[in-house]
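what shape does this take:
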Amino acid sequence: MEQAYSPSAQDGRGLFITFEGGDGAGKSTHIRFLASVLRKRSYEVLSLREPGGTRIGEKLRRVVLDPGNEELSAESELLVFEAARAQLVSEVVKPALARGAVVLCDRFTDSTVAYQAYGRGLSLDFVQSANAFACQGLSPDRTVLLTAGGSSTSIKRATRRGADRMERSGQEFYERVACGFKEAAQRDPARIRVVESAGKRSATARAVFEQLCDLFPWMSDDLKSNPALFARLDRPPKRGHRGKRQNGANRG
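Okay, here's the model as predicted:
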């Protein structure tokens, strides 16, 4: 079996790549695709989600997404997200990066800024300080922000199988969240790369690769000479096979 290797040959540290965006923007689809391509090239890849990714984190996830917890305050919500993140960083992400793995995460601190600061109206400075505390000095090497239309589109896509507690927050809430993501990308364009995901999945995947070429130079060759790699994303699923949604949408 070919040994997994680190993409950061100079210091032996792995890469931490996060995917952000509104509900239904395609984060799970493109994380799965990217992970499969990286694994075929012998990278060790961890695909995670927030909140979650650890035994404790998954329990905390159920708390914030349970529609029965309507009385959960915005302040409590933030701290639950940060508790789950602190556990994920210390238990999973940091050890994986130390051994040279590529860590792909469905949502991270930018979602907390968008949902809890912009969406819930909590102090942006406090949310950023809470993020920093939970992250313990860790920051993504790259963030891909997927945009799939307006906030109404996000709500429709995310809730087609039933709304969880966060998805019941309403149209105005999601408009504020969209503004939060947009302003985050404007503040940090070097890290946060915006990719339109409303079109064909193959086109979105190619755009994602374009934003990661500096981290994985071989992706440039795939973009030029391997169109079939991306075209398979547009094929309809096999008959009788339908992807199952994870327990609630990912956000925080």
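
center of this protein - which residue?
residue 106 (2.4 Å; CA atoms, centre = their mean).

mind checking how far the nearest residue to that residue once chain neighbours are set aside is from residue 84?
Leaving aside its chain neighbours, residue 106 sits nearest to residue 49 (4.2 Å; criterion: CB to CB, 6 or more residues apart in numbering). Quick note: C-beta positions are derived from backbone N, CA and C, even for glycine. Shown here: residue 49 relative to residue 84, a distance of 10 Å by CB to CB, to the nearest Å.

just residue 224 next, same as before
40 Å.

over to residue 218?
In terms of CB to CB, residue 218 sits 34 Å off from residue 84.

the strands in this structure, which residues?
Along the chain, counting by DSSP state E, strands occupy 15-21, 45-49, 102-106, 142-147, 192-196.

save the ones you listed as a markdown table, and put in distance to residue 123 and mean pLDDT too.
Below are these laid out as a markdown table (distance: least, CB to CB, whole Å; pLDDT from 0 to 100):
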| stretch | distance to residue 123 | mean pLDDT |
| --- | --- | --- |
| strand 15-21 | 21 | 98 |
| strand 45-49 | 26 | 98 |
| strand 102-106 | 25 | 98 |
| strand 142-147 | 22 | 97 |
| strand 192-196 | 21 | 98 |
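
among these, which is nearest residue 136?
strand 15-21 (12.6 Å; CB to CB).

just the residues contacting stretch 192-200, thanks.
20-21, 25-26, 30, 110, 142-149, 153, 184-185, 204, 207-208, 211, 233-234 (CB atoms under 8 Å, 6 or more residues apart in numbering).

can you check stretch 111-124 too?
With CB under 8 Å, 6+ apart, stretch 111-124 has contacts from 20, 50, 74-75, 77-78, 81-82, 85, 127-128, 130-131, 166, 169, 173-174, 176-181, 183-184, 250-252.
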